[in-house]
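Asker: sequence and predicted structure below; questions after.
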Amino acid sequence: MNWSLFEQSVQKRMEKDHIPGMAVAVSQNGKVIYEKGFGVADILTNEPVTTNTIFGTGSISKSFTALAIMMLEEEGKLSIDDPVKKHLPLFHLKGVKDINQIKIHHLLTHTTGLGIIERNEQLNKLSEHVNYLAEVEHEIFGQPGVYLSYGNDTFLLLGAIIEAKTGKLFRRFMTEQILNPLQMYRTSYSLEEVHKSDHVATPYKYSRENERYEKLNWPALGNYEVGGGIRTTVIDLLKYGELYINRGMANGKQMVSAKQIEKMWKPYFEMAKNSHYGYAWKVNDYHGITLVEHNGVQQGVSSNFGFIPEKNIAVAVLTNVSNVAADVIWLEVINTMLNIPLHTQRFLPVPFPIKNPKALLGTYVPKKGGRLEIIANNGELQGKINGEVYTLQLGENGSYFFNDTLMPIRFYFDQNGKAWAVFAGMRMLRKQE
């Protein structure tokens, strides 16, 4: 394993992508075999990052919530095939004719059929969020299970279900039943605890316009802590990874059965060839092995964490800056562990001629925020996001990828062969007429 080559690549990327600090840790068969801090936790104090430094994790947190649902199902308190309304009687969505069609399974896989919902971080009681979702208008793409569109607001309903079935506040249940048994003592949902801890990374974003770092406040999140509230270290994340590698066993105790935990990385929804979504995990077939992973994006957070069940390998990458490719760094760690070329990528796009570009061209927008423009330039199909232009390449099964990020793109066509929507960035975007 050539860790020096990996570290050279990291240093170049940190300079190029303006990453102040980063921590990386790897375990195999229950032993930490590589751990290293890069850069600084705080620019002003120059405190170095260590593998004991606390970072935000963003959506890595979602698998913790999904795990709790698996545990409650094993106890007989619910079934993933239950309608959400069975456990949340006030659950209602405008425009949805049969609310009982939306199951817990659809919350776990982001396949409710809804588009992006406007965030409301002012709410701190999950019961209030159930009411909020009943009041706002929704963009509906289709029946549950047909389309995947990443949704924080529907995912946090899992936290409301956990509270309803346990009688405990979400973060208390999660701490008592998951964090403490795993001895993740540097991990918390509480910002108060984070602020009282030592060796905590300062969140930043880099302004390319001003060419400087801007310090950010830790986001309070409110109810969104269900899907993004874990603050932790790379070493604590490896303890969490061992729970999956050991099929539910931790510190001599079977916390959840192997059957339940393996259900979490089943390939429930295809995003691209050999790439699926499970229960709060992305599942990729990669050189004959399974990459189970999830990234996290938040103010001052870019993260990626996951494991290879066949190799008993777990890998954690945490940074303290917004909008950098932690998943690319994570894959370089995996490639180092597997002794394959460092910059090998997850997907294999191939060049293609544009046969009918007019069917794809146009502007695709969610109901709230962001936009994707598909344009043709000298016979080349391109995608424009936030002012950045990327060439699109065809994947092996008709899906597309942005050439620089290799993010899966899938177009959906009407009966006339014209694209009416696109799946990009884990969300459905409707074509603007």
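Answerer: Noted; the coordinates are in hand.

Asker: for the longest strand along the chain, which positions count as buried?
Answerer: Identified as the longest strand of the chain according to DSSP state E is strand 31-42. Neighbour-count burial for strand 31-42, counted by 16 or more other C-beta atoms under 10 Å, picks out 34, 35, 36, 37, 38, 39, 40, 41, 42. (Glycine included, C-beta is placed from N, CA and C.)

Asker: show me what contacts the closest residue to the last one other than its chain neighbours?
Answerer: I take that to be residue 42. Computed as C-beta to C-beta, 6 or more residues apart in numbering, the closest residue to residue 42 that is not its neighbour in sequence is residue 202, at 4.5 Å. Contact analysis of residue 202 by C-beta atoms under 8 Å, 6 or more residues apart in numbering lists 20, 41, 42, 43, 215, 300, 320.

Asker: can you give me phi and psi for the last one?
Answerer: Note on residue 320: its backbone torsions stand at phi -120, psi 40 [degrees, to the nearest 10].

Asker: and for the closest residue to it other than its chain neighbours, the neighbour number?
Answerer: Excluding the flanking residues, the one nearest residue 320 by C-beta to C-beta, 6+ apart is residue 201, at 3.9 Å. Neighbour count of residue 201, defined by other C-beta atoms under 10 Å: 30.

Asker: same thing with residue 186?
Answerer: Other residues lying near residue 186 total 23 when counted by other C-beta under 10 Å.

Asker: would you confirm that it contacts residue 53?
Answerer: No - counting by C-beta atoms under 8 Å, residue 186 does not reach residue 53; the two are 9.1 Å apart.

Asker: other residues contacting the longest strand of the chain?
Answerer: With C-beta under 8 Å, 6+ apart, strand 31-42 has contacts from 1, 3, 7, 10-11, 14, 19-27, 46-51, 53, 199-202, 234-235, 238, 320, 333.

Asker: what's next to the lowest-mean-pLDDT helix or strand in the chain, contact-wise?
Answerer: In the chain, no helix or strand scores lower on mean pLDDT, DSSP states H and E than strand 400-402, which sits at a mean of 71. With contact meaning C-beta under 8 Å, 6+ apart, strand 400-402 is reached by 272, 347, 349, 381, 383, 390-395, 407-411.

Asker: switch the cut-off to 7 Å
Answerer: The contact list for strand 400-402 (C-beta atoms under 7 Å, 6 or more residues apart in numbering) reads 347, 349, 383, 390, 392, 393, 394, 395, 407, 408, 409.

Asker: now the last one: closest residue in space, sequence neighbours ignored.
Answerer: By the measure of C-beta to C-beta, 6+ apart, the closest residue to residue 409 outside its immediate chain neighbours is residue 400, 3.9 Å from it.

Asker: so how far is residue 385 from the one you found?
Answerer: In this view, residue 400 and residue 385 are 13 Å apart by C-beta to C-beta, to the nearest Å.

Asker: between these two, which is the more surrounded one?
Answerer: residue 400 (24 against 16).

Asker: identify the bridge partners of that one.
Answerer: Beta bridges link residue 400 to residue 394, residue 409 when assigned by DSSP bridges.

Asker: distance of it from residue 53?
Answerer: 38 Å.

Asker: with residue 220 as the reference, measure out to the closest residue to residue 289 other than its chain neighbours.
Answerer: Using C-beta to C-beta, 6+ apart and skipping the chain neighbours, the partner closest in space to residue 289 is residue 310 (5.0 Å). Distance, residue 310 to residue 220, using C-beta to C-beta: 39 Å.

Asker: show me the contacts for the closest residue to residue 224 other than its chain neighbours.
Answerer: Of all residues not flanking residue 224 in the chain, residue 152 sits nearest, at 5.7 Å (C-beta to C-beta, 6+ apart). Going by C-beta under 7 Å, 6+ apart, residue 152 touches 119, 224, 227.

Asker: and the residue sitting furthest away from the middle of the chain, backbone torsions?
Answerer: Within the chain, the residue lying farthest from the chain centre (C-alpha atoms, centre = their mean) is residue 378, at 35.2 Å. Taking degrees, to the nearest 10, you get phi 50, psi 40 for the backbone angles of residue 378.

Asker: cool, the one 10 residues further on as well?
Answerer: In this entry, residue 388 is assigned phi and psi values of phi -90, psi 140 (degrees, to the nearest 10).

Asker: and the gap between it and residue 382?
Answerer: For residue 388, the distance to residue 382 - C-beta to C-beta - is 10 Å.

Asker: next one: residue 271
Answerer: 21 Å.

Asker: next, the contact list for residue 296, please.
Answerer: 57, 58, 59, 60, 228, 303.

Asker: that should have said residue 330, apologies.
Answerer: 293, 304, 315, 317.

Asker: tally of neighbours for the third one?
Answerer: When counting by other C-beta under 10 Å, one arrives at 29 neighbours for residue 315.

Asker: that older thread, how about the contacts of residue 330 in a markdown table, adding secondary structure, distance to residue 175 and pLDDT?
Answerer: Below are the contacts of residue 330 laid out as a markdown table (DSSP: H, G, I helix; E, B strand; the rest coil; distance: C-beta to C-beta, whole Å; pLDDT from 0 to 100):
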| residue | secondary structure | distance to residue 175 | pLDDT |
| --- | --- | --- | --- |
| 293 | strand | 24 | 98 |
| 304 | strand | 24 | 98 |
| 315 | strand | 24 | 98 |
| 317 | strand | 24 | 98 |
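
Asker: how far away is the residue nearest to residue 42 from residue 151?
Answerer: In terms of C-beta to C-beta, residue 202 sits 30 Å off from residue 151.

Asker: next: residue 429.
Answerer: Using C-beta to C-beta, one obtains 13 Å as the distance from residue 429 to residue 151.

Asker: where does the protein dip in pLDDT?
Answerer: 348-355, 368-369, 395-399, 403-406 (pLDDT under 70).

Asker: which stretches in it count as helices?
Answerer: Along the chain, the stretches classed as helices by DSSP state H are 3-17, 61-74, 84-87, 104-109, 126-135, 152-155, 157-166, 170-174, 191-196, 225-228, 234-245, 258-262, 326-338.

Asker: and the angle for the last one with helix 3-17?
Answerer: Interaxial angle, helix 326-338 versus helix 3-17 (axes from the mean of the first three to the mean of the last three C-alpha atoms, to 10 degrees): 170 degrees.
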